[in-house]
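Enquirer: The sequence isn't on hand, but the structure is:
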């Protein structure tokens with residue numbers, strides 16, 4: 001599976017911080033019913049065996065909806081669960097080395113915050129970029145904010161689709177119109193929602209307007 005723009009339209013990134021009466025799997029299922037177009041499983045604390053078990057479950061759920069599953073940071077887990085892709089940051093393994101390990105068929109997403117990082121990621125084999133934080137975010141407290149001009153410059157500089165991330169919600173999503181992004185990656189605006197399915201449906205309609213602008 002190769003990455004196309006439509007996969008990035010509404011890209012859900014998990015955060016078990018928001019798990020309450022629902023399990024993460026139940027939250028993800030609601031998001032899938034709500035129309036998310038890609039899912040990234042992000043786990044920083046789980047032991048490897050539990051991470052793999054969860055990844056296999058998410059893969060099965062995503063397969064039912066024909067939605068790509070991306071594993072955050074962990075190439076070994078991505079390969080073991082036969083995920084559709086892996087997403088890495090600037091401090092992780094070099095993109096070219098990840099490509100060697102996963103082969104030509106797996107998607108690689110890379111986080112970038114400036115044009116130089118974006119171009120280097122594409123040169124190394126990235127299929128898409130996650131750019132942010134475009135708004136202040138409580139999900140990743142050490143993330144610097146990327147301005148609108150930088151976001152536009154990155155979109156114009158690379159031949160792969162770009163997904164905006166960081167602090168995005170229904171109230172500010174339309175502010176990203178005209179930047180050239182293919183879609184948005186969302187964490188708390190999905191998983192902290194009282195009605196995840198309905199929240200995703202609303203976000204997706206807004207994202208469609210942005211992607212078409």
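Expert: Perfect, thanks for sending it. Just so it is clear, the structure is predicted and the values come from calculations on it, not from any experiment.

Enquirer: Report the buried residues of the helix or strand harbouring residue 199.
Expert: Per DSSP states H and E, residue 199 falls inside helix 196-211. Neighbour-count burial for helix 196-211, counted by 16 or more other Cβ atoms under 10 Å, picks out 196, 197, 199, 200, 202, 203, 204, 206, 207, 210, 211. All C-beta spots, glycine's among them, are computed from the backbone N, C-alpha and C.

Enquirer: Residue 89 and residue 50: what is the separation?
Expert: Using Cβ to Cβ, to the nearest Å, we find residue 89 at a distance of 22 Å from residue 50.

Enquirer: same question, residue 97
Expert: Applying Cβ to Cβ to residue 97 and residue 50 gives a distance of 26 Å.

Enquirer: Compare the two and say which one has the larger neighbour count.
Expert: residue 97 (14 against 11; other Cβ atoms under 10 Å).

Enquirer: Got phi/psi on the more buried one?
Expert: phi -70, psi -40 (degrees, to the nearest 10).

Enquirer: try residue 190
Expert: Main-chain torsions, residue 190, degrees, to the nearest 10: phi -100, psi -60.

Enquirer: The nearest residue to it once chain neighbours are set aside: what secondary structure?
Expert: Once flanking residues are discounted, residue 190 sits nearest to residue 12: 5.2 Å by Cβ to Cβ, 6 or more residues apart in numbering. Under DSSP: H, G, I helix; E, B strand; the rest coil, residue 12 falls in the strand class.

Enquirer: Run through the residues that contact residue 12.
Expert: 28, 31, 36, 38, 39, 40, 185, 186, 187, 190, 191, 200 (Cβ atoms under 8 Å, 6 or more residues apart in numbering).

Enquirer: So which of those is the closest to residue 128?
Expert: residue 38 (9.2 Å; Cβ to Cβ).

Enquirer: How many neighbouring residues does the closest one have?
Expert: Residue 38 has 27 neighbours, counted by other Cβ under 10 Å.
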